[in-house]
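> Got a sequence here, can you model it:
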Amino acid sequence: MKFSIEKREVEKVIPIINRILPKGKSLDILKSVLLEVSGNSVYITCCNTDIQYNVSIDVYDSEDGKVLVNGSTLISILKSIPSSSIISFEEVNNALKISSDETYYKIPTLNPDDYIEVNDLRENLKMFKVSRKKIIKCLSKVEFCTGEDENRLFLSGILWDNKGELANFVASDSYRLGLYTENFDENYGEFQAIIPKDVYKILDEIEYENIEVGFSEDYMVIGFINGFMNIRLISGPYPDYNAIFPEGIANELYVHKNEIETKLKAMSPLNPETFGIKFDKSITIFAISDDGEEFKSNLLGKYNGDNIEIYFHYKRFYEIIREMEDDIYIHIYSESQPVLIKSEEENLKYLIMPVKL
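Below you'll find the model as predicted:
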């Protein structure tokens, strides 16, 4: 097996491979990368327990064959070679020789037949075209709301609940819930799938704007011009998130994002675990640290409701505010019910449970 390739072609996929390769303790086979040459293409495959990735790149001076090598060593070598270089790969005596200019490396190879079988599932699925950036935005708006409960693994992922042209992306850690609604302007049918939360970070490394997406019973399949990705879905079912939204008349606060975000930043030197908002003749935002340090400030906004004092977990609340747009509506039903925080367009909604002191 041998081939030559321009460094700038292979460096496009290095960040994706680097994200997928397992970190820390793992099976040696999962820490490896498979290079398979067929004709004028090299097919690069890597995977972990949840993601399988296969991409093809044009090459020249090639001979068919395949090798399996340690992934982190391969990535480190490729990163060290200048972008303008031509890189040659050749299997020699159970080793892979990597040459560039007057420099070469040799790394031992493993038996490629021992590698995990990675199949292209697209032929058997209904695939639909979608904007990569749009999917990234949908997932990133709620990803931070996911949880880490070993007894409820579905909380570690993001629900894609599709209904025709509209899709709801939902995440919750049981203390808060994020809901982002996207109109794809195309009927993708009805389905529900729970996706690993880090998918959007990998999608951010793909260079192509338009991708194809499809779902099997166990995988979310992402296709692009020169490859595919199989992403293992998280087992469900996901709870009925619509049932969590409170009903009835609420006390409503309208506030500009910059106003409340500035006040939350101002109290950060106290490193508070919780903070409060008091509504009476004026709106007061305040916090008291474990050491007795205090912060208090007026909050400029429009409030319609009863006199009330309510407390929130600082970090969880602040993360929500950072994702909001300019105008924020906060609906408070009681000190014991979820509080609704939403955008003016109502395509972005969050629920957060108040804290009882």
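
> Out of the helices and strands in the chain, which is least certain?
Lowest mean confidence among the helices and strands of the chain (mean pLDDT, DSSP states H and E): helix 199-203, at a mean of 90.

> how close does residue 6 sit to residue 55?
Distance of residue 6 to residue 55, computed by CB to CB, to the nearest Å: 15 Å. C-betas here are computed from N, CA, C, even on glycine.

> just checking, next helix/strand downstream of the least confident helix or strand of the chain?
strand 210-215 (DSSP states H and E).

> What lies in contact with the very next helix or strand once past that next one?
Beyond strand 210-215 in the direction of the C-terminus, DSSP H and E gives the next helix or strand as strand 219-224. The list of residues contacting strand 219-224 from outside it, by CB atoms under 8 Å, 6 or more residues apart in numbering, reads 121-122, 125, 127, 193, 195, 199, 203, 206, 208, 211-215, 228-233.

> What angle do strand 210-215 and strand 219-224 make with each other?
160 degrees (axes from the mean of the first three to the mean of the last three CA atoms, to 10 degrees).

> what residues are up against residue 11?
Residues near residue 11 by CB under 8 Å, 6+ apart: 78, 83.

> Just the pLDDT at it, thanks.
Per-residue confidence (pLDDT) for residue 11: 91.

> Let the chain start at 17 from now.
Done: numbering now begins at 17, and the last item shifts to residue 27.

> tell me the phi and psi of it?
Per-residue torsions, residue 27: phi -70, psi -10 (degrees, to the nearest 10).

> Quickly note the distance from it to residue 354.
Counting by CB to CB - residue 27 and residue 354 are separated by 46 Å.

> Then residue 94?
Per CB to CB, residue 94 is found 49 Å from residue 354.

> so what's residue 317 closest to, chain neighbours aside?
residue 271 (3.5 Å; CB to CB, 6 or more residues apart in numbering).

> and if you look at residue 361?
residue 341 (7.6 Å).

> And residue 103, by the same measure?
Of all residues not flanking residue 103 in the chain, residue 116 sits nearest, at 5.0 Å (CB to CB, 6+ apart).

> and the one you found, how many neighbours does it have?
As a burial measure, residue 116 scores 18 neighbours (other CB atoms under 10 Å).

> My understanding was that it contacts residue 102; is that so?
Yes: Residue 116 is within contact range of residue 102, at 6.8 Å (criterion: CB atoms under 8 Å).

> overlap in contacts of the two?
Counting by CB under 8 Å, 6+ apart, the shared contacts of residue 116 and residue 102 are residue 23.

> Do a quick rundown of the helices in the stretch 17-166 of the chain.
In the stretch 17-166 of the chain, the segments counted as helices under DSSP state H, counting those that start in this stretch are 23-26, 30-36, 87-96, 148-156.

> And the second one, what's buried?
Same thing as helix 30-36. For helix 30-36, the neighbour count (16 or more other CB atoms under 10 Å) marks 32-36 as buried.

> which among the residues you listed gets closest to residue 334?
Proximity of the buried residues of helix 30-36 to residue 334 (CB to CB) peaks at residue 35, which lies at 26.9 Å.

> Surely that closest one is in contact with residue 219?
No: using CB under 8 Å, residue 35 makes no contact with residue 219, being 10.5 Å away.

> quick revisit: make TSV from the helices of the stretch 17-166 of the chain and add distance to residue 298 to it.
Formatted as TSV, the helices of the stretch 17-166 of the chain follow (distance: least, CB to CB, whole Å):
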stretch	distance to residue 298
helix 23-26	60
helix 30-36	48
helix 87-96	56
helix 148-156	35
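
> what's around the residue nearest to residue 216 when sequence neighbours are not counted, how many residues?
Counting by CB to CB, 6+ apart, residue 216 lies nearest to residue 155, which is 3.8 Å off, once chain neighbours are set aside. By the measure other CB under 10 Å, the count of residues near residue 155 is 23.

> Tell me how far residue 155 lies from residue 198.
Where residue 198 is concerned, residue 155 sits at a distance of 10 Å (CB to CB).

> Next: residue 103.
Taken as CB to CB, the span from residue 103 to residue 198 is 41 Å.

> Repeat that for residue 168.
25 Å.

> between those two, which one's more packed in?
The neighbour count for residue 168 versus residue 198, taken as other CB under 10 Å, is higher for residue 198 (20 against 13).
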